[in-house]
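Enquirer: Here is a sequence together with a model predicted from it:
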Amino acid sequence: MATTTQPDGTKPDQFAVPIAPTAEELALLPHDDAAPKLIGVVWTLVSISLLFLGLRLYCRMLKRQALWWDDLFLIGAMACMISECCLMTYMTTLGYGLHIWDFPMENMMKLLLPMNISGTLSVVASVWSKTSFGITLLHLTNGWMKKVTWFCIISMNISMGLSAMFPWVSCTPINKVWDMFVEGTCWAPTVLTNYNTFSGAYSAAMDITLAMLPWKFLWGLQMKPKEKIGVGLAMSMGVFAGITSIIKATMTPTAMLSEDFADGIDLWIWANGEVAASIVAACIPMLRVLVKDRKSSRNYPNSGYMKETGLSANRSRMVTIQSRPMPTASDVELHKLGDDDRSDRSILGSNNENINPGKAGIVQVTDFSVKYDDNVANKA
């Protein structure tokens, strides 16, 4: 079996001590291939993320809203995730997924560069998806909550940005990162491992913090308790991204310090699960537009009095008139916001951007047509 040793017999700095089992020991080792599991899971996660992102963008068009920075960061995260999965698919054609004792070592030189690029793309996709939700919150919060949101966004980008950068500066010269036979030195494997574990744990803490902030903001709004809970739960899906971050952080030391390639497969899967959870969490609040529209359409069935009298309603628009109480401080502040901020508040399912605080008026306008069936009327 080939080993990861240099021509002079020494071991490259960026690798653990190579395994060199005897023929008897090799026969007792597992020889499964984890590549099908890796490819199947990561592309399933890509498909789910694409579905939710597509629905989010559809809701934007439905509301005739332009794309904002949070949408652009989310699209960028999706592009990074797809690119990473394409590279991982290529890596499996080189033998990645096999145990180190079955891996064709002649492919090692081809594997290192796409592996490092994939790792960077995974980190960028993760931090951009989380940044997208943070930007959304910036339009919904003020005061100390806005400052906390800014802190989460900036600190998370710094900590995860270093995770993306460190692999590329861990060796001198830099091309030793992907060419293990170049003379030079690399950091001890524990350095990157310990920092990535910290970065993953910190990312989880920021996920949970950003997921909890909407509850403080929502509780001060004039909404029904049931509506507040619904919106709060929709905007707190980032908790699941935090959970995947915690799981990934706990797996990092074992996967990165292992002598066997196959031990890193689950880490890749959970890393992509973290990105997918972040993208879905950022999209769910916007999808309430579809739910509310569907619920609204059910309020006008062709039944009851309409059927008895031969009238049928083809609902396309409905007129709702409501009187509003005296404006609160939040109402006045909302009225002063620019168009960008008000449009972002629409993810809460509110039509406040079309209402003048403290005034009664038409808050939703929807056409409907009424048809009269002479035959049914005559029978009556």
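Expert: Looks like it arrived, so ask away.
Enquirer: so which strand or helix has Ser155?
Expert: Element membership for Ser155 (DSSP states H and E) is helix 144-169.
Enquirer: Please report how far Leu233 lies from Lys216.
Expert: 15 Å (C-beta to C-beta, to the nearest Å). Where you see a C-beta, it was placed from the backbone N, CA and C, and this is true even at glycine.
Enquirer: same question, His31
Expert: Here the criterion is C-beta to C-beta. By it, His31 lies 54 Å from Lys216.
Enquirer: More neighbours: these two, which one.
Expert: It is Lys216, of His31 and Lys216, that has more neighbours when counted by other C-beta atoms under 10 Å, with 13 against 10.
Enquirer: Not counting residues beside it along the chain, what's closest to the more buried one?
Expert: Met145 (6.2 Å; C-beta to C-beta, 6 or more residues apart in numbering).
Enquirer: isn't the one you found right up against Trp215?
Expert: No: contact criterion C-beta atoms under 8 Å: Met145 and Trp215 do not qualify, at 10.5 Å.
Enquirer: Can you give me the pLDDT of Asn173?
Expert: One thing to correct before we go on: residue 173 is Pro, not Asn. pLDDT for Pro173: 90.
Enquirer: neighbours around it, how many?
Expert: When neighbours are counted by other C-beta under 10 Å, Pro173 registers 11.
Enquirer: and it, what does it touch?
Expert: Residues in contact with Pro173, defined by C-beta atoms under 8 Å, 6 or more residues apart in numbering, are 182, 184.
Enquirer: and the helix or strand Asn196 falls within, what does it pack onto?
Expert: Here Asn196 sits within helix 189-218, counting by DSSP H and E. Here helix 189-218 touches helix 108-138, helix 144-169, helix 225-234, helix 238-257, helix 265-297, going by 3 or more C-beta pairs under 8 Å, 6 or more residues apart in numbering; DSSP states H and E.
Enquirer: Flag every buried residue along the second one.
Expert: Buried residues in helix 144-169, counted by 16 or more other C-beta atoms under 10 Å: 145-146, 148-149, 152-153, 156-157, 159-160, 163-164, 166-167.
Enquirer: Helices along the stretch 1-150 of the chain, start to end?
Expert: Taking DSSP state H, counting those that start in this stretch as the criterion, the stretch 1-150 of the chain contains helices spanning 23-28, 35-62, 69-93, 108-138, 144-169.
Enquirer: any chance of those in CSV, plus mean pLDDT and distance to Lys224?
Expert: Listed next are these as CSV, based on pLDDT from 0 to 100; distance: least, C-beta to C-beta, whole Å:
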stretch, mean pLDDT, distance to Lys224
helix 23-28, 75, 64
helix 35-62, 92, 22
helix 69-93, 95, 26
helix 108-138, 92, 22
helix 144-169, 93, 22
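Enquirer: Mind checking the pLDDT average for the helix holding Asn196?
Expert: Across helix 189-218, pLDDT averages out at 89.
Enquirer: now stretch 256-269
Expert: Average pLDDT, stretch 256-269: 89.
Enquirer: pull the CA atoms of stretch 255-266 into CSV?
Expert: What follows is stretch 255-266, C-alpha atoms only, in CSV (Å, rounded to 0.1, in the frame of the first residue of the first chain):
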residue,chain,number,x,y,z
ALA,A,255,-12.6,14.3,12.0
MET,A,256,-9.6,16.6,11.5
LEU,A,257,-7.1,14.7,13.5
SER,A,258,-8.1,11.3,12.3
GLU,A,259,-5.6,9.2,10.2
ASP,A,260,-8.5,8.0,8.1
PHE,A,261,-10.1,10.1,5.3
ALA,A,262,-13.5,8.4,5.8
ASP,A,263,-13.8,9.9,9.3
GLY,A,264,-14.3,13.3,7.7
ILE,A,265,-17.3,12.4,5.6
ASP,A,266,-19.8,13.0,8.4
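Enquirer: re earlier: toward the C-terminus, what is the element adjacent to the helix holding Ser155?
Expert: Using DSSP H and E, the next helix or strand after helix 144-169 towards the C-terminus is strand 171-172.
Enquirer: Show me what that following strand is packed up against.
Expert: So strand 171-172, by 3+ C-beta pairs under 8 Å, 6+ apart, packs with strand 185-186.
Enquirer: Pairing partners for the strand it packs on, with directions?
Expert: With DSSP bridges as the test, strand 185-186 is paired with strand 171-172 (antiparallel).
Enquirer: Turn the buried residues of helix 144-169 into CSV, including distance to Ser47.
Expert: Formatted as CSV, those follow (distance: C-beta to C-beta, whole Å):
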residue, distance to Ser47
Met145, 35
Lys146, 35
Val148, 34
Thr149, 30
Cys152, 29
Ile153, 28
Met156, 26
Asn157, 27
Ser159, 29
Met160, 25
Ser163, 26
Ala164, 25
Phe166, 31
Pro167, 28
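Enquirer: just these now: which is nearest Trp101?
Expert: Using C-beta to C-beta, Pro167 comes nearest to Trp101 of the buried residues of helix 144-169, at 24.9 Å.
Enquirer: need the contact list for the closest one.
Expert: Taking C-beta under 8 Å, 6+ apart as the test, what Pro167 contacts is 116, 119-120, 177, 192.
Enquirer: can you name the two of these that are farthest apart?
Expert: Counting by C-beta to C-beta, the most remote pair of the contacts of Pro167 is Thr120 and Leu192, 12.6 Å apart.
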